[in-house]
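**Student:** Quick check, what structure comes out for this input:
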Amino acid sequence: MALNVVIMAAGKGTRMKSALPKVLHRLAGRPLLQHVLDTAAALQAARTVVVTGHEADLVEAAAAPSGAVFARQMPQLGTGHAVLQAAPLLDDAQPVTLVLYGDVPLISAASARSLLQASGGERLALLSFKPADTARYGRIVRNAQGAVQAIVEYKDATPEQRAIAEVYSGIMAAPTAALKRWVGALRNDNAQQEFYLTDVVGMAVAEGMPVLAQVTPDETEVAGVNDAAQLAALERELQKRIAQTLMDEQGVRLADPARLDVRGTLNCGRDVEIDVNCVFEGEVLLADGVRIGPNCVIRQARIGAGAVIHAFTHIDEAVVGAGALIGPYARLRPGADLGEEVHIGNFVEVKNSTLARGAKANHLAYLGDATVGERVNFGAGSITANYDGANKHRTVIGNDVHVGSNCVLVAPVELGAGATIGGGSTLTRNAPGGQLTVARARAATVPGWQRPRKQKAKPGTDGQGG
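**Tutor:** Sure, this is the predicted structure:
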């Protein structure tokens with residue numbers, strides 16, 4: 001169905017106690033507002049209008065890539081006033097307008113479509129729910145026949161109306177022309193002296209337009225975020241759902257579904273195992289048989305079939321080949337591209353480097369801006385010195401090279417295939433293939449040398465310097 005979408009995002013969010021606008025706080029790695037924009041995109045909205053106010057420049061900059069247009073609400077005088085600011089930007093050719101909220105991030109496209117179908121451009125359709133705690137929500141008031149007659153805000157409700165279990169989520173689908181007409185006629189003669197969008201229900205009833213309320217059984221879809229505690233609770237609920245989907249649809253074995261954080265998209269092959277306290281950010285692909293140890297952070301990465309990522313490993317914008325063994329306590333930085341059966345051990349860092357099949361750096365090493373051939377063994381404590389203080393330089397290591405422990409390869413430098421670099425070498429020139437290259441000072445022993453000894457304190461002193 002062709003439609004407009006209005007997203008309310010003008011509020012300050014005082015209870016968040018943050019300098020950041022409320023709608024830009026993150027849920028599962030994305031701003032609250034982005035979740036709602038994604039829903040609008042899934043609905044293929046012809047026009048999305050975001051109503052901004054507090055820190056409008058920040059909010060608009062964050063939402064601009066979505067293609068949304070913006071209406072500013074200054075000052076904020078209620079929900080009806082917000083939609084009034086958006087009204088001139090609505091596409092009159094779209095028969096229905098859906099009103100969403102930037103701090104109600106988990107409304108699904110399926111529920112929104114159902115509401116749009118209920119409206120059909122001819123009826124006012126409201127999304128309602130029945131929470132265990134009705135708190136201060138507006139009540140859905142129905143007549144004896146069950147038809148919706150009004151929404152009464154909590155502060156304006158009588159004790160009898162406050163006892164109503166069905167409450168309004170804030171989300172509605174309305175005929176575009178009627179909505180524009182209604183918000184232009186709103187009044188603020190209420191306890192808050194605000195222009196309530198909910199008053200359009202009474203206007204629709206007065207015009208004889210049918211008003212429907214669909215009850216959603218999923219309270220999480222309409223849960224709003226007003227403070228840090230609510231944001232944390234919604235995060236855990238969303239992560240629980242993500243974990244359940246991974247197990248149900250992809251067969252992922254999670255050691256503990258309650259200790260998983262997916263802040264982006266995680267796609268898994270068959271027989272993937274993920275231990276506790278792992279964080280996945282951006283787009284991550286785990287191929288068949290991958291095993292992820294506990295306390296790993298993996299961002300924007302592809303992990304090949306059968307690879308094992310041991311505990312406390314950090315992977316950021318990297319590729320790991322099939323059968324590789326990574327960690328524990330390893331760090332793969334952007335541009336790391338590891339071939340099949342590569343071993344990267346504890347306290348090894350790799351940045352902007354390619355390692356061919358079977359290469360190994362098993363402990364305490366740094367490989368930056370390097371091209372490493374097959375079956376290379378890179379010794380403990382060895383590094384590529386790739387930065388001269390102004391520019392980066394590359395190290396090229398051929399197949400079957402053995403780099404001894406505690407070596408410094410000062411780039412640019414090339415090690416020919418089959419070369420061996422003696423331990424403790426500082427290499428500043430190319431090393432020929434198939435030969436041993438040693439670049440270190442010769443050991444010397446000084447006869448008769450004695451280690452200095454601490455002088456004894458004189459009587460009457462404490463032995464400490466002044």
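
**Student:** in this protein, which spans are helices?
**Tutor:** Secondary structure of the chain by DSSP state H: the helices cover 32-42, 56-63, 79-86, 109-119, 159-162, 176-183, 200-206, 228-250.

**Student:** Show me the one of the ones you listed that comes nearest Q450.
**Tutor:** Closest approach to Q450 among the helices of the chain (C-beta to C-beta): helix 228-250, 63.8 Å. The C-beta positions use only the backbone N, C-alpha and C, and glycine is treated the same way.

**Student:** For that closest one, name the packing helices and strands.
**Tutor:** strand 26-27, strand 253-254, strand 260-268 (3 or more C-beta pairs under 8 Å, 6 or more residues apart in numbering; DSSP states H and E).

**Student:** Can you check which of these gets nearest to K17?
**Tutor:** strand 26-27 (15.9 Å).

**Student:** Name every strand pairing with that closest one and say which way it goes.
**Tutor:** In the sheet, strand 26-27 lines up against strand 30-31 (antiparallel) (DSSP bridges).

**Student:** what is the rounded mean pLDDT of the strand it pairs with?
**Tutor:** Mean per-residue pLDDT for strand 30-31: 97.

**Student:** next one: that strand to chain centre, how far?
**Tutor:** Here strand 30-31 is found 6 Å from its chain centre; the criterion is C-alpha atoms, centre = their mean, to the nearest Å.

**Student:** what about P159, neighbour count?
**Tutor:** 6 (other C-beta atoms under 10 Å).

**Student:** how close does A61 get to A370?
**Tutor:** Using C-beta to C-beta, to the nearest Å, one gets 38 Å for the distance from A61 to A370.

**Student:** who's more crowded, these two?
**Tutor:** More crowded of A61 and A370, by other C-beta under 10 Å: A370, with 25 against 11.

**Student:** just to revisit the earlier point, for A443, find the nearest of the helices and strands packed on helix 228-250.
**Tutor:** strand 260-268 (51.9 Å).

**Student:** partners of that closest one, with directions?
**Tutor:** strand 278-286 (parallel).

**Student:** how deep is the nearest residue in space to K130 that is not next to it in sequence tucked in, by neighbour count?
**Tutor:** Leaving aside its sequence neighbours, K130 sits nearest to A165 (C-beta to C-beta, 6 or more residues apart in numbering; 5.0 Å). Counted by other C-beta under 10 Å, the residues lying close to A165 total 12.

**Student:** and if you look at R113?
**Tutor:** So R113, with other C-beta under 10 Å, has 16 neighbours.

**Student:** isn't it right up against A40?
**Tutor:** No - using C-beta atoms under 8 Å as the test, R113 is too far from A40 to be in contact (12.0 Å).

**Student:** Any chance of the helices of the chain in TSV with distance to N143 as columns?
**Tutor:** Formatted as TSV, the helices of the chain follow (distance: least, C-beta to C-beta, whole Å):
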stretch	distance to N143
helix 32-42	32
helix 56-63	40
helix 79-86	23
helix 109-119	18
helix 159-162	13
helix 176-183	20
helix 200-206	9
helix 228-250	34
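
**Student:** so of those, which one's packed in deepest?
**Tutor:** helix 79-86 (a mean of 24; mean count of other C-beta atoms under 10 Å).

**Student:** Tell me who's in contact with I421.
**Tutor:** Neighbouring residues of I421 by C-beta atoms under 8 Å, 6 or more residues apart in numbering: 401-404, 407, 409, 415, 427, 431, 436-438.

**Student:** Which one, of the helices of the chain, ends up nearest to L286?
**Tutor:** helix 228-250 (9.2 Å).

**Student:** State the distance from D288 to L254.
**Tutor:** 17 Å.

**Student:** For those two, work out which one has more neighbours and name it.
**Tutor:** Using other C-beta under 10 Å, the more surrounded residue of D288 and L254 is L254, with 19 against 13.

**Student:** Any idea what that one is bridged to?
**Tutor:** I274.

**Student:** quick one: it and C278 touch, right?
**Tutor:** No - L254 lies out of contact with C278 (C-beta under 8 Å); the separation is 9.1 Å.

**Student:** Look up the residues that both of the two are in contact with.
**Tutor:** In contact with both L254 and C278: L260, using C-beta under 8 Å, 6+ apart.

**Student:** Between the helices of the chain, which one is closest to G339.
**Tutor:** helix 228-250 (25.8 Å).

**Student:** residues in contact with the closest one?
**Tutor:** With C-beta under 8 Å, 6+ apart as the contact definition, helix 228-250 has outside contacts at 16-18, 25, 27-28, 105-106, 220, 223-225, 252-254, 257-258, 260-262, 266-269, 272.

**Student:** Repeat that for stretch 148-166.
**Tutor:** Contacts of stretch 148-166 (C-beta under 8 Å, 6+ apart): 126, 128-130, 134-143, 168, 190-192, 196, 198, 201-202, 205, 211-213, 215.

**Student:** and what of stretch 105-112?
**Tutor:** Contacts of stretch 105-112 (C-beta under 8 Å, 6+ apart): 27, 32-33, 35-36, 39, 42-43, 98, 100, 127, 171, 173, 216, 218, 220-223, 225, 234, 238.

**Student:** One more pass at 7 Å, please.
**Tutor:** Residues outside stretch 105-112 that contact it (C-beta atoms under 7 Å, 6 or more residues apart in numbering) are 27, 32, 35-36, 39, 42-43, 98, 100, 127, 171, 216, 220-223, 238.

**Student:** now swap in stretch 279-296 and tell me
**Tutor:** With contact meaning C-beta under 7 Å, 6+ apart, stretch 279-296 is reached by 29, 261-278, 297-313, 327-328.

**Student:** List only those of the residues you listed flagged as buried.
**Tutor:** 29, 261-263, 266, 268-269, 272-278, 297-313, 327-328 (16 or more other C-beta atoms under 10 Å).

**Student:** Would you indicate which residues of stretch 345-357 are buried?
**Tutor:** Per 16+ other C-beta under 10 Å, stretch 345-357 contains these buried residues: 345-346, 348-357.

**Student:** Turn these into TSV, including pLDDT and distance to A318.
**Tutor:** Formatted as TSV, the buried residues of stretch 345-357 follow (pLDDT from 0 to 100; distance: C-beta to C-beta, whole Å):
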residue	pLDDT	distance to A318
G345	98	16
N346	98	17
V348	98	13
E349	98	11
V350	98	8
K351	98	9
N352	98	10
S353	98	10
T354	98	11
L355	98	11
A356	98	15
R357	98	16
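
**Student:** Skipping adjacent residues, who's closest to G202 in space?
**Tutor:** Nearest-residue entry for G202: A150, 5.2 Å, with adjacent residues in sequence omitted and distances by C-beta to C-beta, 6+ apart.
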